[in-house]
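**Student:** This is the structure alone, sequence omitted:
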């Protein structure tokens with residue numbers, strides 16, 4: 001056989017399949033490898049040295065003792081955003097069971113392997129077990145759950161969101177909803193993980209719907225982890241170290257294993273498929289054939305020898321001392337109460353599905369649902385309806401028949417009234433001192449990440465004294481935080497609604513990344529629709545880098561966003577807004593002057609030269625405020641009108657010709673009630689509005 005095996009190109013990526021024999025998704029092996037080496041050029045020599053060391057172990061036919069079982073402790077990092085990617089513990093355990101069947105030749109279809117290869121079916125003798133102790137020695141069920149919107153763009157970022165457990169003691173598996181490359185799963189070969197790079201990146205990334213064969217996955221997808229673990233323990237694809245099967249030139253490459261016939265690779269289950277002049281082992285787990293059933297004897301030997309090698313610290317995983325440390329040989333011990341819900345924010349009359357995640361050995365539990373119907377339950381997965389608006393606690397008491405554990409989460413469920421706020425709506429945050437302080441707050445957060453949350457600040461504002469901001473300077477990298485609104489009543493609109501706001505944001509350094517996204521919903525948050533994305537250079541309103549926490553210093557630091565693509569589909573009583581801010585080496589972001597109006601009553605447009613000139617002071621004011629601006633060119637007609645938030649005219653401040661030069665106009669607020677009003681400007685330079693506040 002010809003041998004061609006590039007371990008510098010050492011990333012293995014598996015296909016994404018649907019319900020049938022779908023197309024191969026072109027993987028990003030070379031792009032990812034180029035990026036890996038570009039970011040870590042220092043690892044090239046380490047990879048070469050590790051590969052040479054592994055090659056020595058491959059030449060030793062009986063390095064691993066026959067009959068020995070290598071037990072590998074496993075931890076699953078579930079990165080989710082409260083969707084079905086937050087897979088159940090049962091599905092995770094099922095994935096462990098499937099791998100154990102496949103690596104011991106106990107899979108039900110092992111007996112149906114093509115007779116030409118039946119004598120080569122190997123009991124590899126590798127067993128996988130969920131960890132019972134974490135790296136600090138605490139009781140665990142081998143599952144870590146972390147909330148992040150990046151579950152939809154998974155990859156190496158998952159390893160920052162949910163940091164690796166010591167790779168010398170655990171096999172780490174990260175689970176997300178979608179992998180950014182389009183793959184179902186990927187990992188690195190041991191040689192690529194031999195150095196310091198591997199200490200934080202060693203493990204497998206897999207889509208949530210390719211874990212096990214139950215829940216969100218299915219039988220056809222259930223060998224995905226088996227395939228990836230094969231790579232993780234030093235196995236290539238049968239056609240060699242590429243992700244391009246079914247190419248004729250693959251006959252000139254090979255996997256370096258003598259009992260796997262040379263092949264071009266298969267993407268369908270051609271039971272008697274032949275290529276490269278011989279019958280192919282199409283049913284091998286390291287194929288893309290959708291019908292994996294076996295490892296060969298020499299594949300088994302290669303993996304067992306790799307586990308005996310010190311490369312990437314594989315040889316420590318199965319040692320008796322480590323099995324004791326990770327607790328995988330212990331009987332399950334009850335140690336923690338936990339639960340999750342498919343939603344935390346609903347409108348009145350809606351239902352929430354809860355799931356008991358308590359561990360280990362749970363036999364029964366008792367729930368208490370404050371404000372819910374039913375008020376209690378003993379089911380593992382109860383459904384609860386909430387009929388009154390408010391914020392409610394949820395508690396659970398779980399038992400293994402002898403001992404009990406409990407958990408109470410206060411203010412865990414928020415139930416919103418429908419049509420909570422009417423249009424037109426304006427928010428300048430002047431009357432809010434603390435988000436989440438009352439049940440009827442217009443704005444609230446759900447800080448499930450444990451990171452820095454949105455808050456009110458009096459250190460910066462585009463107008464007035466306050467704004468809402470997220471301290472991105474101190475927040476963890478790749479952390480996403482959300483700011484939610486209560487419901488708005490858009491049911492009376494005859495046309496589109498218009499949402500606008502002012503914001504300010506700065507870079508921290510040249511490598512600062514992040515985004516601000518604005519979402520809307522017509523069904524109280526059941527489904528969200530993206531309406532605005534500000535990322536890369538579009539996100540930052542000022543130039544330069546701010547190595548210290550950023551606070552805007554003038555009006556010029558702010559920009560206005562106008563969202564006018566809120567169609568009549570959303571005009572009901574369940575409309576909500578959500579701001580999402582994600583930062584990586586980021587800085588602070590501020591939002592002020594949120595307007596939500598009927599698009600036919602008042603036009604709020606992008607900034608223009610006149611709007612940039614406008615100053616209103618003092619603001620707020622008890623009696624007289626001054627409007628000041630400088631006209632570079634005379635305006636033949638300019639109209640300035642004081643209106644309330646419904647658009648009703650209260651006073652005409654000016655209507656007519658204005659010469660070039662500095663202009664100062666007075667606005668009498670003394671006769672108005674305390675509250676927020678708008679100054680509407682109509683001129684040849686454009687139409688826009690500015691907030692003005694009558695103080696107590």
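**Tutor:** It's in. Because the structure is predicted, anything quoted here is derived from the model rather than measured.

**Student:** Quick check: residue 533 touching residue 517?
**Tutor:** Yes - here residue 533 lies in contact with residue 517, judged by C-beta atoms under 8 Å, at a distance of 5.3 Å. C-beta: built from backbone N, CA, C; applies to glycine.

**Student:** Same drill for those two, tell me which one is more crowded.
**Tutor:** Legend: neighbour count by other C-beta atoms under 10 Å for residue 533 and residue 517, higher for residue 517 (19 against 13).

**Student:** Secondary structure of the more buried one: a helix, I assume?
**Tutor:** No - assigned with DSSP: H, G, I helix; E, B strand; the rest coil, residue 517 falls outside any helix and is strand.

**Student:** Could you list which residues are in contact with it?
**Tutor:** Shown in contact with residue 517 (C-beta atoms under 8 Å, 6 or more residues apart in numbering): 530, 532-534, 579-582.

**Student:** Now with 6 Å, please.
**Tutor:** Taking C-beta atoms under 6 Å, 6 or more residues apart in numbering, we find residue 517 in contact with 533, 580.

**Student:** and if you look at residue 557?
**Tutor:** Going by C-beta under 6 Å, 6+ apart, residue 557 touches 504, 541-542.

**Student:** Between these, which sits nearest residue 464?
**Tutor:** Using C-beta to C-beta, residue 504 comes nearest to residue 464 of the contacts of residue 557, at 14.2 Å.

**Student:** What is the neighbour count of the closest residue in space to that closest one that isn't next to it in sequence?
**Tutor:** Leaving out its chain neighbours, the residue that sits closest to residue 504 by C-beta to C-beta, 6 or more residues apart in numbering is residue 552, at 4.0 Å. Per other C-beta under 10 Å, the neighbour tally for residue 552 reads 24.

**Student:** Kindly provide the distance from residue 552 to residue 508.
**Tutor:** Distance of residue 552 to residue 508, given as C-beta to C-beta, to the nearest Å: 15 Å.

**Student:** hmm, back to that, who touches both of residue 533 and residue 517?
**Tutor:** Any residue near both residue 533 and residue 517 by C-beta under 6 Å, 6+ apart counts here, and not one turns up.

**Student:** For the longest strand belonging to the chain, buried residues please.
**Tutor:** If each strand of the chain is counted by residues according to DSSP state E, the longest one is strand 404-416. Judged by neighbour count using 16 or more other C-beta atoms under 10 Å, the buried positions of strand 404-416 are 405, 411-416.

**Student:** which is the next helix or strand following that strand?
**Tutor:** strand 421-422 (DSSP states H and E).

**Student:** Parallel or antiparallel, which strands does that next one pair with?
**Tutor:** Strand 421-422 pairs in its sheet with strand 488-489 (parallel), by DSSP bridges.

**Student:** from the chain's centre, how far out does the partner strand sit?
**Tutor:** In terms of C-alpha atoms, centre = their mean, to the nearest Å, the centre of strand 488-489 is found 29 Å from the chain centre.

**Student:** which residues are in contact with that strand?
**Tutor:** 419, 421-422, 573, 575.

**Student:** how about 10 Å then?
**Tutor:** Residues from elsewhere that reach strand 488-489 (C-beta atoms under 10 Å, 6 or more residues apart in numbering): 418-423, 425, 442, 497, 499, 520, 570-577, 596.

**Student:** can you tell me how far residue 232 sits from residue 140?
**Tutor:** Distance of residue 232 to residue 140, given as C-beta to C-beta: 21 Å.
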